[in-house]
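>>> the sequence isn't on hand, but the structure is:
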């Protein structure tokens, strides 16, 4: 082997600085020698630049391309002797023997070099090209599926599933103010467990300042992806050494692509993809995919806003209908109060006189009692009707719910006896008083307990639970009546809606009006074991 002249040795690295950081193998050929090899090529071949420059083309082919040497070398020598290096094959597929004797297929491309008589040789990993093609196909399918996702989590999960299925690790980092917050992750479970142990909390709860990750934060200014050919080196700079050592041992040679995601023009987060076979050729693919993710996320938000607007429109329409219904009902109630109450008063006075009549037979007494009961029931309906439509003027004072509940039970003792049911009060100790209108609260609680008693079977139990709630106090009333499984609980509180054959459908409407007037809420649900459960959520109107 003839030693190369000094001029054909490795040139100063600074002259080829733009090539040094490339993640793909690149060489500069001059006069049958390697004038320059970047770090990616020397790492692939397992040889230093200086040693590489000492090898002739024949020696290079024999050592690193033995399978293809028989047909490559004659072509090269013929072209070299004819001084037509510029017309050397520019598009070849070669089997390159790398470190450890392992062969890999590369797509070799030859271009004119930076200096006179020089050629630039680029080796593109064929496996990487194949991986990129597979990734493109998978992401195209995922992009179409993301557009029909109903929520943002669904979009992110579908995107990561598609990337993970190609053998890559993938994660989402949400950009929230000055923090990065972990979203969905597809990574080695051992690595996740190690990181959670090191930071002392679940990954879903872990966040860190964006200033700690300037290479990620810069993505939003550049609006372009960043490729890291040595991810483990980046990991060692940013995370505890134990985590970096774990990856270097279990996942050596990881590469990373970090892609910014924008939603409605604003930074949303970062799609981070990692893998050994990841190449810079996937950059444009993942950038386009991140744009599709942003579009799918925008689509979800648009749908959610449309649903919210529709729900608000429906609510306003229902309120308008309810207001009109109450207005008409109020006019009718005024007529009823005037036209019905006076005759009812006369009927009740007459029944009182008849009950004192000594000569009245047993049948007559029974008939008078029945007439009195029906007149009283009709009077209750008129009263409830007026309570549904009349405006409330709150007169708040300090009210103890326990005292109010016990007084209600006393007032409704005749109803309990008639229903052969009992009321049990379960009061949380040391409940604070509530500022509310005592008269109206008594009205609401009486109507609710009366409904529960009349719905309960003979010997049944109505249970009242008084407890603290998130923003005040709660009153729960449970009965053992009929199941609510086939009942629209949202309609329970509408005027004239009733689930009982003999009900007027006004009592629960009164309860709801009182609770809403106090800024609270009421909910109906099925009791565990059958029956109904009503919960009043009350806040102190003095503070609310």
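Nice, thanks for sending it over. This is a predicted model, so every value here is computed, not measured.
>>> show me where the stretch 51-200 of the chain has its helices.
Secondary structure of the stretch 51-200 of the chain (DSSP state H, counting those that start in this stretch): helices located at 57-64, 69-81, 126-146, 152-164, 189-199.
>>> helices or strands next to the first one in the packing?
For helix 57-64, the packing partners by 3 or more Cβ pairs under 8 Å, 6 or more residues apart in numbering; DSSP states H and E come out as helix 69-81, strand 91-97. The way it works is simple: take the backbone N, C-alpha and C, and place the C-beta from them, glycine included.
>>> could I get the ones you listed as JSON lines with distance to residue 174?
JSON lines is the format used below for the helices and strands packed on helix 57-64 (distance: least, Cβ to Cβ, whole Å):
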{"stretch": "helix 69-81", "distance to residue 174": "51"}
{"stretch": "strand 91-97", "distance to residue 174": "42"}
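>>> weakest of these in terms of mean pLDDT?
Of all those, helix 69-81 carries the lowest average pLDDT, namely a mean of 75.
>>> what packs against that one?
Using 3+ Cβ pairs under 8 Å, 6+ apart, helix 69-81 is in contact with helix 57-64.
>>> what angle sits between the helix it packs on and helix 69-81?
Between helix 57-64 and helix 69-81, the angle formed by their directions is 160 degrees, by axes from the mean of the first three to the mean of the last three Cα atoms, to 10 degrees.
>>> where does the prediction get shaky in the stretch 401-544 of the chain?
Low-confidence segments of the stretch 401-544 of the chain, defined by pLDDT under 70, span residues 483-506, 540-544.
>>> now the strands for the stretch 151-300 of the chain?
Per DSSP state E, counting those that start in this stretch, the stretch 151-300 of the chain carries strands over the ranges 169-176, 179-186, 207-209, 226-228, 255-263, 266-275.
>>> would JSON lines of these with mean neighbour count be doable?
JSON lines is the format used below for these (neighbours: other Cβ atoms under 10 Å):
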{"stretch": "strand 169-176", "mean neighbour count": "20"}
{"stretch": "strand 179-186", "mean neighbour count": "18"}
{"stretch": "strand 207-209", "mean neighbour count": "14"}
{"stretch": "strand 226-228", "mean neighbour count": "18"}
{"stretch": "strand 255-263", "mean neighbour count": "22"}
{"stretch": "strand 266-275", "mean neighbour count": "22"}
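>>> and the helix or strand hosting residue 19, which residues are buried?
Using DSSP states H and E, residue 19 maps to helix 17-20. If you call a residue buried by 16 or more other Cβ atoms under 10 Å, then helix 17-20 has these buried ones: residue 19.
>>> next one: stretch 468-477
Quick answer for stretch 468-477 (16+ other Cβ under 10 Å): 472-477.
>>> I'd guessed residue 190 sits against residue 251; true?
No: counting by Cβ atoms under 8 Å, residue 251 is not a contact partner of residue 190; they are 10.1 Å apart.
>>> from residue 442, how far out is residue 96?
Per Cβ to Cβ, to the nearest Å, residue 96 is found 90 Å from residue 442.
>>> who has more neighbours, these two?
residue 96 (22 against 17; other Cβ atoms under 10 Å).
>>> the more buried one and residue 266, how far apart?
45 Å.
>>> with residue 404 instead?
Taking Cβ to Cβ, one finds residue 404 at 51 Å from residue 266.
>>> now tell me what touches the helix or strand hosting residue 465 from outside.
Residue 465 belongs to strand 461-469 when assigned by DSSP H and E. The contact list for strand 461-469 (Cβ atoms under 8 Å, 6 or more residues apart in numbering) reads 401-402, 405, 409, 416, 421-428, 431, 449, 452-453, 456, 473-480, 537-538.
>>> so how far is it from its chain's centroid?
Relative to its chain's centre, strand 461-469 lies at 34 Å (Cα atoms, centre = their mean, to the nearest Å).
>>> what does stretch 464-484 give?
That offset, for stretch 464-484, works out to 31 Å (Cα atoms, centre = their mean).
>>> again with stretch 256-265
That offset, for stretch 256-265, works out to 18 Å (Cα atoms, centre = their mean).
>>> quick check: mean pLDDT across it?
Average pLDDT, stretch 256-265: 93.
>>> list the buried residues in the host helix or strand of residue 41.
Taking DSSP H and E as the criterion, the element that holds residue 41 is helix 39-45. Buried residues in helix 39-45, counting neighbours by 16+ other Cβ under 10 Å, are found at 39-45.
>>> quick check, nearest of those residues to residue 512?
residue 40 (72.8 Å; Cβ to Cβ).
>>> what's around the spatially closest residue to that closest one that is not a sequence neighbour, how many residues?
Once flanking residues are discounted, residue 40 sits nearest to residue 25: 4.6 Å by Cβ to Cβ, 6 or more residues apart in numbering. Per other Cβ under 10 Å, the neighbour tally for residue 25 reads 23.
>>> show the pLDDT at residue 25.
pLDDT, residue 25: 88.
>>> between the buried residues of stretch 468-477, which sits nearest residue 164?
Nearest member of the buried residues of stretch 468-477 to residue 164, counting by Cβ to Cβ, is residue 474, at 45.3 Å.
>>> hang on, that closest one in a helix?
No: looking at residue 474 with DSSP: H, G, I helix; E, B strand; the rest coil, it is strand, so not inside a helix.
>>> ok, the nearest residue to residue 348 once chain neighbours are set aside - contacts?
Leaving aside its sequence neighbours, residue 348 sits nearest to residue 375 (Cβ to Cβ, 6+ apart; 5.3 Å). Residue 375 makes contact with 344, 347-348, 351, according to Cβ under 8 Å, 6+ apart.
>>> which element is residue 375 on?
Assigned by DSSP H and E, residue 375 belongs to helix 362-389.
>>> now do residue 27
Assigned by DSSP H and E, residue 27 belongs to strand 26-30.
>>> counting by contacts, list what the next helix or strand after that strand packs against.
Going down the chain from strand 26-30, the next helix or strand is strand 33-37, by DSSP H and E. On a contact count with 3+ Cβ pairs under 8 Å, 6+ apart, strand 33-37 meets strand 26-30, helix 49-53.
>>> for these, give me TSV that also has distance to residue 302 and mean neighbour count.
Below are these laid out as TSV (distance: least, Cβ to Cβ, whole Å; neighbours: other Cβ atoms under 10 Å):
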stretch	distance to residue 302	mean neighbour count
strand 26-30	46	22
helix 49-53	55	17
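>>> mind checking which of the ones you listed is nearest residue 176?
strand 26-30 (40.1 Å).
>>> which secondary structure elements does that closest one sit against?
Where contact means 3+ Cβ pairs under 8 Å, 6+ apart, strand 26-30 is packed against strand 33-37, helix 39-45, strand 118-125.
>>> tabulate these (CSV), appending mean pLDDT and distance to residue 195.
Output for the helices and strands packed on strand 26-30, formatted as CSV (pLDDT from 0 to 100; distance: least, Cβ to Cβ, whole Å):
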stretch, mean pLDDT, distance to residue 195
strand 33-37, 89, 37
helix 39-45, 88, 28
strand 118-125, 83, 30
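>>> nearest to residue 207, of those?
Among those, the nearest to residue 207 by Cβ to Cβ is helix 39-45 (34.8 Å).
>>> from the contact counts, what lies against that closest one?
If you count contacts as 3+ Cβ pairs under 8 Å, 6+ apart, helix 39-45 packs onto strand 26-30, helix 49-53.
>>> who touches that helix?
Residues contacting helix 39-45 (Cβ under 8 Å, 6+ apart): 20, 22-27, 37, 48-49, 52, 64, 96, 98-99, 123, 229.
>>> ok, now with 7 Å
Contacts with helix 39-45, where a contact means Cβ atoms under 7 Å, 6 or more residues apart in numbering, come from 20, 22-27, 48-49, 52, 64, 98.
>>> ok, stretch 196-205 next?
Residues from elsewhere that reach stretch 196-205 (Cβ under 7 Å, 6+ apart): 182, 185, 192, 195, 206, 240, 242-243.
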